[in-house]
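J.: sequence and predicted structure below; questions after.
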Amino acid sequence: MNHKLAISWHSSSWFIAIMLALPIAALFYQAIGPSADVFQHLIDTVLLDYVQNTLILVFLVCLISCIIALPAAWLIAMCDFPGRKSLQWALMLPMAMPAYIVAYIYTDMFDYAGPVQIALRGVFGWENASDYWFFDIRTIPGAATVLALVLYPYLYLLARTSFLEQSTSLIQASRVLGSSPLSSCLRVSLPLARPAIAVGLSLVAMETVADFATVNYFAVNTLTTAVYDTWIGYGSLTAAAQLSVMTLSVILLFVGLERFARRKQQVFQKSMLHEQEVRYQLTGGAKVLAMTWCWLLVFAGFLLPFAVLVNYAWHYFAESWTAEFFQYSANSLILALIVASLAVFCAVLLGLYRRLVGTKYAAIPARISTMGYALPGTVLAIGIIIPLTSADFLLNDITELLWDWTPGLVFTGTTFALIFAYLIRFSAIAVGSIESSIDKISPSLDMVTRTLGHSPHSMIRKVHIPLIRKGILAGFLLVFIESMKELPTALLLRPFNYETLATYVFQFASDEMLEQAALAAIVIVLVGLIPLIFLNRSLEQQH
Amino acid sequence: MTTSSSLALRISDLHCSYAGVDILTGLDLDLGKNEILCLLGPSGCGKTTTLKLIAGLLPPTQGSIEINGQVVDNSELNLAPEKRNVGMIFQDYALFPHLTVTDNVLFSQYKQTKAKQKETLDYVLKLVNLSEFADRYPHQLSGGQQQRVAIARALASSPELLLLDEPFSNIDSQVRHHLIEEMRGLLKSHNMSAIFVTHSKEEAFAFADRLAVFHQGKIEQLGTPSELYNQPATRFVADFLGKVNYLDATVLDDYRVQTVLGVISSKKALTAAVGEQKLLAIRPQQLQLQVVEQGIATISRQQFLGMTTHCTICLVDKTLGEGCLELSVSMQQPMQIGDMVNVTVAEHDLVLFDRD
């Protein structure tokens, strides 16, 4: 539809998009520059190891996720056994657990000085470490296992949905054509779910590449930790930018893979009538095995770590219940509120711009603004530092020239950098949520509103905004939650002496004193549970 | 009663309930070898459930099923679907979208040698005229071709019994009759026993040797298509199979009844007692209107429907009965509103039902 829009609307939409894309452009620009041999030094020494570690880690996390998530997804979608309904959502709980907290708790448990090895030594009478073999959790396989324990829900969720959406008659046809339930799963269900599995694995891989805290805690050097170390350790922005671009290209590989898989999915998942659901009734050993498998995942990925946190909080309540805890909670809360409000504002602006202009080009600002979501926190932080440092220098130069006075690091030295970074990283969530609710408004509503004599602005106020209220709320909440949880960006960009809940917890975990920050950790986990409630509700409505 | 070994299928006292709702309540059914039986009924009457029970895709709550003399379901046994050697053709064809036509057709043959697979593939694809489409994927085929792949796939394992679930419902009506004839020919030439489910009476008439009309989880009547059409046992069967005119009738003697249209006589002796008040069911084909100078009624409204005409006629002689009648009739020539007509009933075996 053709609407005459104010120039300000066009310009502000494009301005937001360009601002949100700025760090990515800055990364590439900086990466071209000379890096004073730091990068050459990295290539000569550790870079190959970092790349290798990253790839091995991604491979192992994907492999372990497949092994644990696919059987669970199939069991929940296709079989009936006691507790299936609860497990359906309980299997998503580990998503709320920050991986580094799980890493900390399992390290504590399986270390030489941990309860498991102490108990084994007690039972078998071993004297010291040379008497027996025990796996070391602070290794790449250890990190991969911990990451897979909290990342598998992505794969579980997508695979389960795919299994459920497969036409019942396809499964029945395979049975009539001589396949047992297991062989029908291997020959029909799994191949049909391939695109969904590929999407799930791409997400798992992206999260793995982006992970900083867990690998840092386990002292496994990956590209992400290398970016951090190069900036904090060597102070070389250019080398950090070069590493960031490398990391980004790995990420883009997985993004491309995901897009490709999603396209393929449309051919595979021909929507067919969903008949009455007939599930395999599990009995005897199969029933026990299925229940054990699923509950084990929930236990290992959520219940046990959460119980340990609660236990810490109980025993170290005085140490946890401190002024800092409240101060940092308030910091996180205020930060998250500001970011969520700004993200929603931008998303509404961009979404309505696309709707009202309705041309192909009008969708571009919204697309550009969602690119930031794929950036790992550390990479994004480097991308932010580059333009903001220049901006700080420029500002100080100007004021010095004019008034012989410098305001200091206005952009990089304050929470401005943090807010800007969060906005780039999470505005995609708000845009997605609001765009999808805008798309649900029938175009004929626009036409009827205009024929009833309303201007575009009056239409937005009276029709669009009321109809997308739910999308706005959901977008706000999701951005708020992600901002509360975000760690690596905050670690690199927080002003001096400023802590968020996440950095506070991570600091204590790094110093082997998580017990004293247990309350803060519990708050982070609880906040992370909120989106799962939403997710579960929308899934219930689907089926 | 035939012995069960000469039957392709025997179902005895079959019950099935799902989520607390009784879908089948005591179904009995025999299918002869090389026979095509159609289960016809409105949606939700339990006919597809019956098919799935036979295939082993649903467990019965009670009763037994034998396929070719072998028990596959009873109180102790519920044989898995893959062990029953039945072929099934689904309403949406259920072709595996990730497999080519070849792999779809050979899905059940994976344990055979390559040579045997090739032989089977060539044979069944030729049978359904799809030899040149062997490497295509299902989404690259038309609806009719997809259906033929489904047939080829079901035939590849040479099943003892073929189950067809609304196989023609996704086919254009222009080619449907041609396909029905083709498939019937195929089944007959291979001496296959088949059970076929549909809600369309035209498909059922054209395809089936025998017809079972389903109603609320039970078979209402079983017989050849013409038996059921011409001699329906219940009003449900009469109505379901086509348009019926109901006239109040009083039995005059063994062969004749009195109605508002006059005395109507039957070819076959009536079973009702003299003087009984009954309801006479007459198909439109057996009712004819002729324009005459001095008729018994005038046409007050008509709606042309092709094969039949729906019309309202008003009786001239009010002593015969009251007012006007709505009838479905066949007309030899076009008529005008206000024309005076006579109604004649072709002599046939009259069908009488009890009045409500």
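T.: Here it is on my side, so go on. Keep in mind that what you see is a predicted model, and the values were worked out from it rather than measured. Residues are numbered from 1 along each chain as shown, chains lettered A, B, ... in the order given.

J.: in this structure B:Arg195 contacts B:Asp165, no?
T.: Rather than Arg, residue B:195 is Ile. No: if you go by Cβ atoms under 8 Å, B:Ile195 and B:Asp165 don't touch, sitting 9.5 Å apart. Quick note: C-beta positions are derived from backbone N, CA and C, even for glycine.

J.: contacts only, for the residue of the stretch 151-300 of chain B found nearest chain A.
T.: Relative to chain A, the nearest point of the stretch 151-300 of chain B is B:Ser157 (6.6 Å; Cβ to the nearest Cβ). Going by Cβ atoms under 8 Å, 6 or more residues apart in numbering or on different chains, B:Ser157 touches A:Leu177, A:Gly178, B:Asn85, B:Gly87, B:Ser108, B:Gln109.

J.: tell me the helix or strand right after the longest helix seen in chain A.
T.: For chain A, the helix with the greatest residue count under DSSP state H is helix A:323-357. Sequence order places helix A:364-369 as the next helix or strand after helix A:323-357, per DSSP states H and E.

J.: and that next one, what does it pack against?
T.: Counting contacts by 3 or more Cβ pairs under 8 Å, 6 or more residues apart in numbering or on different chains; DSSP states H and E, helix A:364-369 packs against helix A:7-32, helix A:323-357, helix A:415-439.

J.: what are the buried residues along the last one?
T.: By neighbour count, and taking 16 or more other Cβ atoms under 10 Å in any protein chain shown as the criterion, the buried residues in helix A:415-439 are A:415-435, A:437-438.

J.: which of the helices and strands in chain B ranks last by mean pLDDT?
T.: The helix or strand of chain B with the poorest confidence is strand B:324-331; it has a mean of 81 (mean pLDDT, DSSP states H and E).

J.: for that one, C-alpha coordinates in PDB please.
T.: Extracted C-alpha coordinates of strand B:324-331, given in PDB (Å, rounded to 0.1, in the frame of the first residue of the first chain):
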ATOM      1  CA  CYS B 324     -48.900 -30.900  -1.800                       C
ATOM      2  CA  LEU B 325     -46.100 -33.400  -2.000                       C
ATOM      3  CA  GLU B 326     -42.400 -32.900  -2.500                       C
ATOM      4  CA  LEU B 327     -40.900 -35.500  -4.800                       C
ATOM      5  CA  SER B 328     -37.700 -36.400  -6.600                       C
ATOM      6  CA  VAL B 329     -38.700 -37.800  -9.900                       C
ATOM      7  CA  SER B 330     -37.400 -38.500 -13.400                       C
ATOM      8  CA  MET B 331     -38.900 -36.400 -16.100                       C
END
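
J.: just after it, pick out the following helix or strand.
T.: According to DSSP H and E, the helix or strand after strand B:324-331 is strand B:340-345.

J.: isn't there a strand covering B:Ile23?
T.: Yes: under DSSP: H, G, I helix; E, B strand; the rest coil, B:Ile23 falls within a strand.

J.: on the pLDDT front, check it for me.
T.: For B:Ile23, the model assigns a pLDDT of 86.

J.: touching, A:Gln117 and A:Asp111? I think so.
T.: Yes: in terms of Cβ under 8 Å, A:Gln117 counts as a neighbour of A:Asp111; the distance is 6.9 Å.

J.: about what we covered before: helices or strands up against the least confident helix or strand of chain B?
T.: For strand B:324-331, the packing partners by 3+ Cβ pairs under 8 Å, 6+ apart come out as strand B:245-251, strand B:287-291, strand B:309-315.

J.: next one: that strand to chain centre, how far?
T.: 26 Å (Cα atoms, centre = their mean, to the nearest Å).

J.: next, the angle helix A:7-32 makes with the longest helix of chain A.
T.: Helix A:323-357 runs at 120 degrees relative to helix A:7-32, counting by axes from the mean of the first three to the mean of the last three Cα atoms, to 10 degrees.

J.: list of residues touching whatever helix or strand B:Gln117 lives in?
T.: Counting by DSSP H and E, the element that carries B:Gln117 is helix B:114-127. With contact meaning Cβ under 8 Å, 6+ apart, helix B:114-127 is reached by B:101-102, B:105-106, B:109, B:112, B:131, B:133-134, B:152-153, B:155-156, B:186.

J.: highest neighbour count among the residues you listed?
T.: Most neighbours among the contacts of helix B:114-127, by other Cβ atoms under 10 Å in any protein chain shown: B:Arg153, with 30 neighbours.

J.: what residues does chain B put near chain A?
T.: Contacts of chain B with chain A, taken as Cβ under 8 Å from any Cβ of the partner chain, map to B:18, B:52, B:55-58, B:80-82, B:84, B:86-88, B:90-92, B:94, B:96-98, B:107-108, B:139, B:153-154, B:157, B:163.

J.: swap the cut-off to 7 Å and go again
T.: B:18, B:55, B:57-58, B:80-82, B:86, B:88, B:90, B:92, B:94, B:96-98, B:107-108, B:139, B:153, B:157 (Cβ under 7 Å from any Cβ of the partner chain).

J.: please flag which of these sit within strands.
T.: B:Tyr18, B:Val86, B:Met88 (DSSP state E).

J.: let's have those residues in CSV, adding distance to B:Gln117.
T.: Shown next, in CSV, are these (distance: Cβ to Cβ, whole Å):
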residue, distance to B:Gln117
B:Tyr18, 38
B:Val86, 21
B:Met88, 21
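
J.: among the residues you listed, name the buried ones.
T.: B:Val86, B:Met88.

J.: let me see the domain layout of the chain.
T.: The chain I'm using is chain A. Following automatic domain parsing, chain A resolves into domains at A:1-28+A:323-510, A:34-315.

J.: let's do chain B instead
T.: Domain segmentation of chain B under automatic domain parsing yields B:4-240, B:245-354.

J.: lowest mean pLDDT across the ones you listed, which one is that?
T.: domain B:245-354 (a mean of 84).

J.: centre of the chain to that domain, how far?
T.: With Cα atoms, centre = their mean, you get 27 Å for domain B:245-354.

J.: now the end-to-end length of that domain.
T.: Length of domain B:245-354, first residue to last, Cα to Cα, to the nearest Å: 15 Å.

J.: much appreciated, bye for now.
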